[in-house]
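Visitor: Using only what follows, build the 3D model:
(chains A and B)
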Amino acid sequence: MLLAVSGATVLALAPSRESLPPTTDFDARTAASPPAAPPVRAEDPDSPPTTTPSASPVSSSSAVPRRLDIERVGLRAAIEPRGVAPDGSADIPEDPETVGWYRFGPAPGEPSGSAVMVGHVDSRTGDLGAFAALFDVRAGDEVTVRRAAAPPVTYRVVARDRVDKDRLPASAFARTGRPVLTMITCAPPFDAERGGYQRNLVVTALPVTPTG
Amino acid sequence: MISRTPVAAAASLGLCALALGGAATATAADDDQAMVSVFHAVPGLDVDVYANGDELIPDFKPGTLTDPQPLPAGSYDLKVFKAGADPKGKPAIQKTVEVPAGANATVVAHLNADGAPQLDAYVNDTSDVAAGKARLTVRHVAAAPAVDVRAGGTPIFKDLVNPKEDTATVNAGTVSADVVLAGTDDVAIGPADLDLKEGTANIVYAWGSAEDKNLALKVQTLTGMHSTPSGVNAGATNDPDAWPAYAAGFGLLGLAGALTARRAVSRDRA
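Guide: Numbers count the residues shown, from 1 in each chain, chains lettered A, B, ... in the order given. So this is what the prediction gives:
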C-alpha cells in the first residue's frame, strides 16, 4: 500500500490526461521529449556466432542479457552484468547509456523471479541517461531484451511506480515468484544535501507468452 | 576482496557449535525439526551409523556428505560401527549430540588432531548475508596440526586447530584457496577453486590425515541466504555538481512546475 500512496502523490505533480489506478503513475504523456536519434544498430554484436558448436550449451533460460529496447520511446541500451557497489547498493554502469543487469538475481527469460535492470537517469555532463526514457513509458509498451546465444525475450509494461528510494520494495529483487522484468532509475526530487535523487522510478513488465 | 566478520563472532560461533555435544537443551518440543547433514571424514573405513539404536546411514563411505534431511530436534545417541559389524558390539565412535529445534547442523565423523576418530556436531549459520556476499566457513577436522587457510595467497583464517571452525563473509565469486601449516607457506592442501555463489554459505572441511598423506577438502554449500541491495542510486552523482544535469534532464522531459524553479536555482549556482 505504500507503493500506492507514493505513486498517487507523484501523480499530482505530473500532468495527468487519463485516470489510472493509483498504483501506477502513468500520466499518458505523449512522447513530448524528442528521442535521441536512434543509432544504427547491428544485431546483437556481442552474440557469439550461432554456428559455434557447444558441448554443454548454456541453458537458454539463464542466458546473459545484452540489449534492452523499448522502441516506442526510443530507448535502446546496451546491458552489462553488474553486482553490488561497496556501499551495498546495486552497482550501476558509469556510462548512462548503458544499463546494468543485477547479475545475482534472475536473468530475463528465467522461469521465475525478477530480472532487474538499473540505469542512471542522467550524467554528470548533463546528458540524459538511457533510462530517462522510462519517464515516457506507459502500460502496454513492449520491451525487448536481446540475449547472448538465446532468443530475445519480450515483455509488456504493466506498472510504473515511484517510491522513496529507501522504500524500494524487496519484491523488486525477488528471486522467486512470477517472472517479471523490473527497470529502476532515479526520480525527483533532487536534494544534494540528502544524497541526490530521493526517489526511484520502477517500471515493471511481464513476459509476453510466446504463443501470443 | 575479503571482508572479515569480526573474529570474535566467528570464534564464538565455533564454540557454540562444539558445545552441542555437551550442553543439554533437550526441552525442544518433539515436533520441532532440525535439518541435519552427516559427513564421513574418517579415511579408509566404511561404516554404519546408528542414531538412538536405529540404523541411520548404512555402508557410509569416507568422503560422503549426506544432503540435509529433517530430523526431530533433540538428543541423539550416535554410534558408528565398521560396516556390517554387530551394532550390539563396541562402536568405533560414540557420542551423544543435541540437535536444537530449527537448527541446520552437520554431524561430522572425523579424526582428531592425533588421528583418533571422533564425532562432532556443528551448527551451520544460515542467517542472511549482505547482497553480493557469500559466507565462507572452514572446519578443521583433519589429523593435522594448526593451519592457516588462504584465499588467493592471502591468509583469511589463521591458526585454526582441530576441531574448530572460523567464518568470514566474502565477496561472491571464485577464490583459489589453499591450506598451509600455520605461520608457514608449506601447502598442506590445494590450491582448489571455490565457487562462492552469492547468498550461499560454503562450509569447507579440511579432512583426512597428514601422516597418511590423504588430506583433502570437502565443500558443503547451503543456499537461500541472499539479501536485497540497499538501494538503487541511479542519479549521476551525489555531489552538487550534478544539479545542472538534473535540471537539464527533467527540463527536457517536460516535468514543468516545481522543476522550473529548481532549474533557476541551478543557474544561480552555475
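
Visitor: count of neighbours near the residue of chain A found nearest chain B?
Guide: Residue nearest to chain B within chain A (CB to the nearest CB): residue A:84, separated by 3.0 Å. C-beta coordinates here come from the backbone N, C-alpha and C atoms, glycine included. Residue A:84 sits with 22 neighbouring residues when counted by other CB atoms under 10 Å in any protein chain shown.

Visitor: does it really touch residue B:132, like I thought?
Guide: Yes: Residue A:84 lies in contact with residue B:132 (CB atoms under 8 Å); the separation is 3.0 Å.

Visitor: Please enumerate the shared neighbours of those two.
Guide: A:104, B:229 (CB atoms under 8 Å, 6 or more residues apart in numbering or on different chains).

Visitor: Only the buried residues of the lengthiest strand in chain A, if you could.
Guide: In chain A, assigned by DSSP state E, the strand with the most residues is strand A:150-164. Residues of strand A:150-164 classed as buried by neighbour count (16 or more other CB atoms under 10 Å in any protein chain shown): A:150, A:153, A:154, A:155, A:157, A:159, A:160, A:161, A:162, A:163.

Visitor: Now do the same for residue B:219: its pLDDT.
Guide: The per-residue pLDDT reported for residue B:219 equals 97.

Visitor: Can you tell me, leaving aside adjacent residues, what's nearest to it?
Guide: Using CB to CB, 6 or more residues apart in numbering or on different chains and skipping the chain neighbours, the partner closest in space to residue B:219 is residue B:204 (5.3 Å).

Visitor: The one you found: which element?
Guide: strand B:201-209 (DSSP states H and E).

Visitor: If you count contacts, what does that strand end up packed against?
Guide: strand B:33-41, strand B:104-111, strand B:133-143, strand B:147-151, strand B:187-196, strand B:216-222 (3 or more CB pairs under 8 Å, 6 or more residues apart in numbering or on different chains; DSSP states H and E).

Visitor: so which of those is the most packed in?
Guide: Highest mean neighbour count of the helices and strands packed on strand B:201-209: strand B:133-143, a mean of 25 (counted as mean count of other CB atoms under 10 Å in any protein chain shown).

Visitor: mind listing what the closest residue to chain A within the stretch 1-150 of chain B touches?
Guide: Per CB to the nearest CB, residue B:132 is where the stretch 1-150 of chain B lies closest to chain A, at 3.0 Å. By CB under 8 Å, 6+ apart, the contact list for residue B:132 reads A:83, A:84, A:88, A:104, B:171, B:172, B:198, B:229.

Visitor: Return the closest of the residues you listed with respect to residue A:185.
Guide: residue B:229 (14.4 Å; CB to CB).

Visitor: surely that closest one meets residue A:89?
Guide: Yes: Residue B:229 sits in contact with residue A:89 when judged by CB under 8 Å, with a separation of 5.3 Å.

Visitor: More neighbours: the two, which one.
Guide: residue B:229 (25 against 19).

Visitor: and the contacts of residue B:132, which are buried?
Guide: The buried subset of the contacts of residue B:132 (16+ other CB under 10 Å) comprises A:83, A:84, A:104, B:171, B:172, B:198, B:229.

Visitor: Any stretches of the stretch 1-150 of chain B with poor pLDDT?
Guide: B:1-31 (pLDDT under 70).

Visitor: For the chain, which segments are assigned as helices?
Guide: Just so you know, I chose chain A. Remark: helices assigned in chain A by DSSP state H are A:2-11.

Visitor: To clarify, I was referring to chain B.
Guide: B:7-19, B:243-252, B:258-269.

Visitor: got the end-to-end distance for stretch A:100-120?
Guide: Across stretch A:100-120, the terminal residues are separated by 9 Å (CA to CA, to the nearest Å).

Visitor: hang on, the earlier thing: would you tell me which one of the contacts of residue B:132 comes nearest to residue A:94?
Guide: For the contacts of residue B:132, the nearest to residue A:94 is residue A:83 (14.2 Å; CB to CB).

Visitor: circling back: biggest separation within the buried ones among the contacts of residue B:132, which pair?
Guide: That would be B:171 and B:229, which, of these, are the farthest apart (CB to CB) at 13.8 Å.

Visitor: Tell me, how many residues neighbour residue 86?
Guide: If you meant another chain, say so; for now it's chain A. So residue A:86, with other CB under 10 Å, has 9 neighbours.

Visitor: Let me rephrase: I mean chain B.
Guide: Neighbour number of residue B:86 under other CB under 10 Å is 8.

Visitor: One more: residue A:111?
Guide: 10.

Visitor: isn't it right up against residue A:178?
Guide: No: using CB under 8 Å, residue A:111 makes no contact with residue A:178, being 9.4 Å away.

Visitor: How much space separates residue B:83 from residue B:234?
Guide: Using CB to CB, to the nearest Å, one gets 60 Å for the distance from residue B:83 to residue B:234.

Visitor: mind listing what the residue nearest to residue B:219 touches?
Guide: B:136, B:137, B:138, B:139, B:149, B:177, B:194, B:217, B:218, B:219, B:220.

Visitor: Pull the most distant pair out of the residues you listed.
Guide: Maximum distance among the contacts of residue B:204 (CB to CB): 15.4 Å, for B:149 and B:220.

Visitor: Might you enumerate the residues of the stretch 51-200 of chain B proximal to chain A?
Guide: For the stretch 51-200 of chain B, the contact set with chain A under CB under 8 Å from any CB of the partner chain comprises B:130, B:131, B:132, B:133, B:172, B:198, B:199.

Visitor: try it again with 10 Å
Guide: Within the stretch 51-200 of chain B, the residues that sit near chain A (CB under 10 Å from any CB of the partner chain) are B:130, B:131, B:132, B:133, B:171, B:172, B:173, B:197, B:198, B:199.

Visitor: Okay, and which of the residues you listed map to strands?
Guide: Going by DSSP E, the strands hold B:133, B:171, B:173 from those.

Visitor: thinking again about what came up before, could the contacts of residue B:132 be laid out in TSV, adding pLDDT and distance to residue B:68?
Guide: TSV is the format used below for the contacts of residue B:132 (pLDDT from 0 to 100; distance: CB to CB, whole Å):
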residue	pLDDT	distance to residue B:68
A:83	96	28
A:84	96	27
A:88	94	29
A:104	96	23
B:171	95	25
B:172	96	21
B:198	97	20
B:229	95	28
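
Visitor: Need those in a markdown table (columns: distance to residue B:48).
Guide: Output for the contacts of residue B:132, formatted as a markdown table (distance: CB to CB, whole Å):
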| residue | distance to residue B:48 |
| --- | --- |
| A:83 | 46 |
| A:84 | 46 |
| A:88 | 48 |
| A:104 | 42 |
| B:171 | 42 |
| B:172 | 39 |
| B:198 | 38 |
| B:229 | 48 |
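
Visitor: Residue B:71: which of those is nearest?
Guide: residue B:198 (28.9 Å).

Visitor: Wait, the closest one touches residue B:128, no?
Guide: No: look at residue B:198 against residue B:128 with CB atoms under 10 Å: they stay out of range, at 11.5 Å.

Visitor: shared neighbours of these two, which are they?
Guide: B:225, B:226, B:227 (CB atoms under 10 Å, 6 or more residues apart in numbering or on different chains).

Visitor: Now restrict those residues to buried residues only.
Guide: Of these, these count as buried by 16+ other CB under 10 Å: B:225, B:226, B:227.
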